[in-house]
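# predicted model follows, preceded by the sequence.
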Amino acid sequence: MDINKFDGYVKILRAHLSDYRLFHSLKVAESAEYLSKKYGGDSEKMYLAGLLHDILKEADSDEIFAYTKKYGINLTPIEEKQKKLWHAVVGAEYIRHELSIDDEEILTAVRYHTTGRAGMSVNEKILFIADFISADRNYDGVDIMREKAEISLESAMLTGLGFTITELIEKENPVHPDSMDAYNDIILNYKNKGLI
């Protein structure tokens, strides 16, 4: 794949993100490409989704809420309380409207890369996991996530969702229903059927 074709998007990201966040986005794109090749995802689409997934991660509250009004986005009460979710929900619509990307596989992967959801496509799972295992990540448990990602997308999803849900509960924060639905979906449709 010729990554030079994405140079225009990298220039756009430079206007939105710090060097740290841009580096992270580049590494997520690389991980998404790798996982796509391993699991049959669309490597070009997921490389682009990886690049763009955090485009609004460093936007301030005023900017985020201006976009919610502009695009007619109604954040749920849980989303309003969890600032970490804003960039995914609003970022997908920003990419659609401001970058004129209308590919639903890219948009839904960006939209659900923080929460997950039930019935995720291969490409959605790839971006979710790529964000967890990118080469710049060094949190406690990242090696476990990388090992799980080599086993199956669903094994990594289960571990990643477990990390996310446990952390939210320990901090007495609300858990997004999409995350619970994603977790239950993996348990019921993969683990309980002996597929992972």
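Cool, got the structure. Numbers count the residues shown, from 1 in each chain.

# just checking, next helix/strand downstream of the longest helix seen in the chain?
Determined from DSSP state H, the single longest helix within the chain is helix 19-39. Heading C-terminal from helix 19-39, the first helix or strand you meet, by DSSP states H and E, is helix 43-52.

# so what secondary structure elements neighbour the longest helix of the chain?
helix 7-14, helix 43-52, helix 122-133 (3 or more CB pairs under 8 Å, 6 or more residues apart in numbering; DSSP states H and E). (Each C-beta comes from the backbone N, C-alpha and C, glycine too.)

# what about E93, how many neighbours?
19 (other CB atoms under 10 Å).

# point out where this structure drops to low pLDDT.
The model of the chain has no residue with pLDDT under 70.

# 80 instead, please
Across the chain, the ranges flagged by pLDDT under 80 are 1-3, 193-196.

# tell me which residue is most central in it.
H113 (2.1 Å; CA atoms, centre = their mean).

# that one: what secondary structure?
For H113, the assignment made with DSSP: H, G, I helix; E, B strand; the rest coil gives coil.

# quick one: contacts for it?
A49, H53, A88, E124, L127, F128, D131 (CB atoms under 8 Å, 6 or more residues apart in numbering).

# switch to 6 Å and redo it
Remark: with contacts taken as CB atoms under 6 Å, 6 or more residues apart in numbering, H113 is in contact with H53, A88, L127, F128, D131.

# next one: A109
A49, N123, E124, L127.

# which of those residues sits closest to V28?
Proximity of the contacts of A109 to V28 (CB to CB) peaks at L127, which lies at 7.6 Å.

# the closest one against A49, yeah?
Yes: L127 lies in contact with A49 (CB atoms under 6 Å); the separation is 5.1 Å.
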